[in-house]
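J.: sharing a sequence plus its predicted fold:
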Amino acid sequence: MKPVRAVVFDTDGVLLDSAALHAAAWKTAFDGCLEEWGADGAPQRPFDAEGEYRELVDGKPRYDGALAFLTARGIDLPSGAPADAPGCGTVWAVAARKEKAFARTLRSQPVEPFADVEPVLEALAGAAVRCAAVSASRHARPLLEVAGLLQLVELVVDGTDAARLALPGKPDPALFLEAARRLDVEPAQVAVVEDALAGVEAGQRGHFGLVVGIDRAEKPGGRAALLEHGADVVAADLTPLPELTSTSGAPP
């Protein structure tokens with residue numbers, strides 16, 4: 001394995017303690033429509049903000065997440081258009097419901113970085129390992145700035161970049177590959193750090209040198225699922241990362 005020269009971090013759930021806020025926003029968006037979507041009078045069960053969030057929407061662009069949930073539930077909606085107002089009638093409208101709910105949450109609940117993030121980013125910088133942040137969310141850059149992390153990463157590739165460049169969302173590796181391209185480091189010398197199943201799968205598909213799964217909650221089956229989807233190693237937080245990158249791979 002080639003030495004690791006750069007690390008590309010997912011943002012929500014890895015750098016920022018924001019994954020739970022995204023899950024809650026999705027639950028607001030979906031549960032408010034489930035009665036309307038019930039088939040033959042049979043109500044749909046509420047959205048599972050843990051299992052279904054992790055399996056279907058975590059780490060994906062809003063449209064892709066909404067479509068994945070609807071498909072899994074057998075709900076067939078027209079695609080609609082990106083300008084659709086929040087509602088229940090199209091996939092884009094459901095995605096807009098989520099965006100509205102998340103934006104409302106951000107106005108009242110600040111997003112904090114995890115305690116291990118700043119020391120690890122500083123340690124990597126001290127070892128001349130370059131760092132970038134990636135997110136499917138258009139909120140990533142301002143949230144990183146408010147959290148005091150923007151100056152600790154060399155660049156950010158977020159949902160705004162993805163829309164401008166027409167980059168597909170995870171599990172496609174396009175966002176990670178774009179970060180590696182901007183860093184001018186080949187994927188084989190880049191470590192990807194992700195907490196989402198779609199994200200570790202993207203790291204594996206992109207043939208990155210090291211894919212680190214982060215399982216902060218350490219829930220039953222979490223580690224196994226990350227490994228199954230493509231993680232080379234799973235850790236409870238970022239603390240082992242400087243050592244993993246210095247040895248250029250996972251421990252035996």
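T.: It's in.
J.: and residue 94, how far from residue 87?
T.: 7 Å (C-beta to C-beta, to the nearest Å). For glycine as for every other residue, the C-beta is placed from the backbone atoms N, C-alpha and C.
J.: and these two? Which one has more around it.
T.: residue 94 (30 against 15; other C-beta atoms under 10 Å).
J.: could I get the helix or strand encompassing the more buried one in PDB with only the CA atoms?
T.: Element membership for residue 94 (DSSP states H and E) is helix 91-108. In PDB, the C-alpha atoms belonging to helix 91-108 read as follows (Å, rounded to 0.1, in the frame of the first residue of the first chain):
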ATOM      1  CA  VAL A  91     -39.800  13.300  -4.700                       C
ATOM      2  CA  TRP A  92     -38.400  16.800  -4.900                       C
ATOM      3  CA  ALA A  93     -41.200  18.100  -2.700                       C
ATOM      4  CA  VAL A  94     -40.400  15.600   0.000                       C
ATOM      5  CA  ALA A  95     -36.700  16.500  -0.300                       C
ATOM      6  CA  ALA A  96     -37.700  20.100   0.200                       C
ATOM      7  CA  ARG A  97     -39.700  19.200   3.300                       C
ATOM      8  CA  LYS A  98     -36.500  17.800   4.800                       C
ATOM      9  CA  GLU A  99     -34.500  20.900   3.900                       C
ATOM     10  CA  LYS A 100     -37.100  23.100   5.500                       C
ATOM     11  CA  ALA A 101     -37.100  21.000   8.700                       C
ATOM     12  CA  PHE A 102     -33.300  20.900   8.900                       C
ATOM     13  CA  ALA A 103     -33.000  24.700   8.300                       C
ATOM     14  CA  ARG A 104     -35.500  25.300  11.000                       C
ATOM     15  CA  THR A 105     -33.600  23.100  13.500                       C
ATOM     16  CA  LEU A 106     -30.300  25.000  12.700                       C
ATOM     17  CA  ARG A 107     -31.900  28.300  13.700                       C
ATOM     18  CA  SER A 108     -32.400  27.000  17.200                       C
END
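J.: mind giving me the packing neighbours of it?
T.: Packing partners of helix 91-108 (3 or more C-beta pairs under 8 Å, 6 or more residues apart in numbering; DSSP states H and E): helix 19-31, helix 62-72.
J.: worst average pLDDT in these?
T.: For those, mean pLDDT drops lowest on helix 19-31, to a mean of 92.
J.: so what touches that helix?
T.: 12-13, 46-47, 49-50, 53, 57-58, 65-66, 69, 94-95, 97-99, 101-102, 105-106, 109, 111, 137, 195 (C-beta atoms under 8 Å, 6 or more residues apart in numbering).
J.: try it again at 6 Å.
T.: 12-13, 46-47, 49, 53, 57, 94, 97-98, 101-102, 105 (C-beta atoms under 6 Å, 6 or more residues apart in numbering).
J.: which one of those is nearest to residue 133?
T.: Minimum distance to residue 133 across the contacts of helix 19-31 is 10.1 Å, recorded for residue 12 (C-beta to C-beta).
J.: now do the contacts for that closest one.
T.: Per C-beta under 6 Å, 6+ apart, neighbours of residue 12: 18, 19, 22.
J.: report the central residue of this structure.
T.: residue 59 (2.9 Å; C-alpha atoms, centre = their mean).
J.: tell me which stretches of the protein form strands.
T.: 6-10, 130-134, 155-157, 190-194, 210-214, 233-235 (DSSP state E).
J.: the worst-scoring helix or strand of the chain on mean pLDDT: which residues count as buried?
T.: Lowest on mean pLDDT, DSSP states H and E among the helices and strands of the chain sits helix 34-37, with a mean of 88. Within helix 34-37, the residues that qualify as buried are 34, 37, counting by 16 or more other C-beta atoms under 10 Å.
J.: I appreciate the help and will end here.
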